[in-house]
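Chemist: Build me a model:
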Amino acid sequence: MMDSLQSLRRFAAIVVCSAAALVVAIGSAEALPSYARQTGQQCAACHNGFPELTPYGRLFKLNGYTFGGGQSDLPPLAVMVVEDYTHTQAGQSGGAAAHYGPNNNFALDTASIFYGGRILGDYGVGAFAQATYNDVPRSFHWDNSDLRWAHAMTINGDETVFGVSLNNNPTVSDLWNTTPAWRFPFVASPGLAPTPSSKTFIEGTYSQQVLGLTAYGFWRRLVYVEAGGYRTLSQSLDSSLGIHPNGTDSFGGIAPYWRLAVQPQWGPNSLEIGTFGMVANVNPGRVTGFGTDDKTDLGFDVQYQYLTDVHSGSVQASWISEHQNLNSTFTQGSSSNLNDQLHSFNLKASYYYKQTYGATLGYSRIQGSGDPGLYGSTSPIANSPNSDWWTAEADYMPFNHGGPDFWPWANLKLGLQYVWYTKFDGAVTNYDGNGRNASDNNTLFAFVWLAF
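Modeler: Next up, the predicted model:
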């Protein structure tokens, strides 16, 4: 109990000091670091409770991060730091991670430096490129990156934007906060709380382990189309970039990716309805000679936003269905079924008052085929990937309309999040065979998110 109280006092001190350091004299500031300096816009112009994008924010990204209008001559560099505290309903025997205790852990979740903005503005070339240090694995690695060329033109009187994206994470190029790279929760416990062991492969399985090239078009600010392909990087290149996943897979060739969305807008309202997906022939563990696992992810999504100066809200939902033909895994004896299914559903609703106070509620579900060979190690009782959980978050963002006078582009987000599980890895109780229940993984997570 004494350790818990000391941990909570430490986190409170971090929150107070971080807020005090920035609240010194709020002026007429601009927006999120390098993009704000480049455009002269407030953070709220591009973000509905950052990092969720507004219609203007989506256009900025679509046009290659090249919009101007700001007066700053500083280079397009910025820094982001996330410090957090994680408490689970039951501690984890042996520690939540190496160098951490069973419970009540503080961590420097993220310390990132990124290049964000124009490279050759006159030619439509810009980028978002991020490198990150995470104190839980104690590693420095390249993070989500998106290099773009874009060109806007008029065809038969209709505004049309064409572009190309070179990026390292499927869906990181997307404009809406429904696809896996940018959906809620935008920040979560950095490996110090148990999370469901199963997800579809498009949901971050190969983040920063691939390089992809996609081409896109946006017609009349209404119809968006994107298509391209990804290849996995070599293990030596992964390692040199700070990526050290266990049992990393490789693609047998190029994995096609596609995206189609329609976005009507009227007044303060915008609606998006779309589909996205990816197909990959996978060598599990990079082992060849047994054929490949052939996986197809097909997703559908919808987003609604209502944005005014005082009240704003949004709802996002996505459903992903994955068909798995496990030729290689089955032949190697690591799955009981030759064919499996996995389905992912995510829903969240947010409300913000004056882009300062926010509340979000989300629901997530993973369902799929029972397979003792595939899930026996993580779900020895049910042999199932099925999990259900809710996520609630409250946020305070004092600088969405401008940071302090001494650094008007700074932004700060203070958040308190709670995750509660109704099912975890196939069961409500004793899911791991050692007496741990789904509710034991319920997580209280508090964070300070600072960008400057």
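
Chemist: give me phi/psi at the most far-flung residue of the chain relative to its centre?
Modeler: Going by Cα atoms, centre = their mean, the residue of the chain most distant from its centre is Asn156, 37.3 Å out. Per-residue torsions, Asn156: phi 50, psi 40 (degrees, to the nearest 10).

Chemist: swap in His141?
Modeler: For His141, the backbone dihedrals (degrees, to the nearest 10) come out as phi -150, psi 160.

Chemist: Secondary structure class of the nearest residue to Gln235 once chain neighbours are set aside, three-state.
Modeler: Spatially, and ignoring its direct neighbours in sequence, Gln235 is nearest to Thr248 (6.6 Å; Cβ to Cβ, 6 or more residues apart in numbering). Using the backbone N, CA and C atoms, a C-beta is placed for each residue, glycine as well. Three-state assignment for Thr248 (DSSP: H, G, I helix; E, B strand; the rest coil): coil.

Chemist: For Thr248, give me the pLDDT.
Modeler: pLDDT, the model's per-residue confidence, is 84 for Thr248.

Chemist: looking at it, it is touching Ser207, isn't it?
Modeler: No - taking contacts as Cβ atoms under 8 Å, Thr248 lies outside contact range of Ser207: 11.7 Å.

Chemist: Pull up the gap between Arg365 and Gly373, please.
Modeler: Arg365 sits 23 Å away from Gly373, going by Cβ to Cβ, to the nearest Å.

Chemist: er, Gln324 actually
Modeler: Gln324 is 12 Å from Gly373, by Cβ to Cβ.

Chemist: who has more neighbours, those two?
Modeler: Gln324 (26 against 16; other Cβ atoms under 10 Å).

Chemist: Tell me what the more buried one is bridged to.
Modeler: Bridge pairing for Gln324 (DSSP bridges) gives the partners Lys295, Asp340.

Chemist: What distance do you get for it to Ala127?
Modeler: 34 Å.

Chemist: pLDDT below threshold where in the stretch 251-400 of the chain?
Modeler: Counting by pLDDT under 70, the stretch 251-400 of the chain shows no low-confidence range.

Chemist: The same query, at a cut-off of 90, please.
Modeler: 399-400 (pLDDT under 90).

Chemist: mind listing the helices for it?
Modeler: Along the stretch 251-400 of the chain, the segments classed as helices by DSSP state H, counting those that start in this stretch run 327-331, 372-375.

Chemist: Equivalent analysis for the stretch 1-150 of the chain, please.
Modeler: In the stretch 1-150 of the chain, the helices defined using DSSP H, counting those that start in this stretch lie at 2-22, 33-39, 43-46, 55-62.

Chemist: What is the neighbour count of Leu260?
Modeler: As a burial measure, Leu260 scores 14 neighbours (other Cβ under 10 Å).

Chemist: Contact partners for it?
Modeler: By Cβ atoms under 8 Å, 6 or more residues apart in numbering, Leu260 lies in contact with 224-226, 274-276.

Chemist: go with 10 Å
Modeler: Counting by Cβ atoms under 10 Å, 6 or more residues apart in numbering, Leu260 makes contact with 223-227, 273-277.

Chemist: I'd like the residues you listed written out as JSON lines, with neighbour count added.
Modeler: Compiled in JSON lines, the contacts of Leu260 are given as follows (neighbours: other Cβ atoms under 10 Å):
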{"residue": "Val223", "neighbour count": "14"}
{"residue": "Tyr224", "neighbour count": "22"}
{"residue": "Val225", "neighbour count": "13"}
{"residue": "Glu226", "neighbour count": "22"}
{"residue": "Ala227", "neighbour count": "13"}
{"residue": "Ile273", "neighbour count": "15"}
{"residue": "Gly274", "neighbour count": "22"}
{"residue": "Thr275", "neighbour count": "13"}
{"residue": "Phe276", "neighbour count": "25"}
{"residue": "Gly277", "neighbour count": "19"}
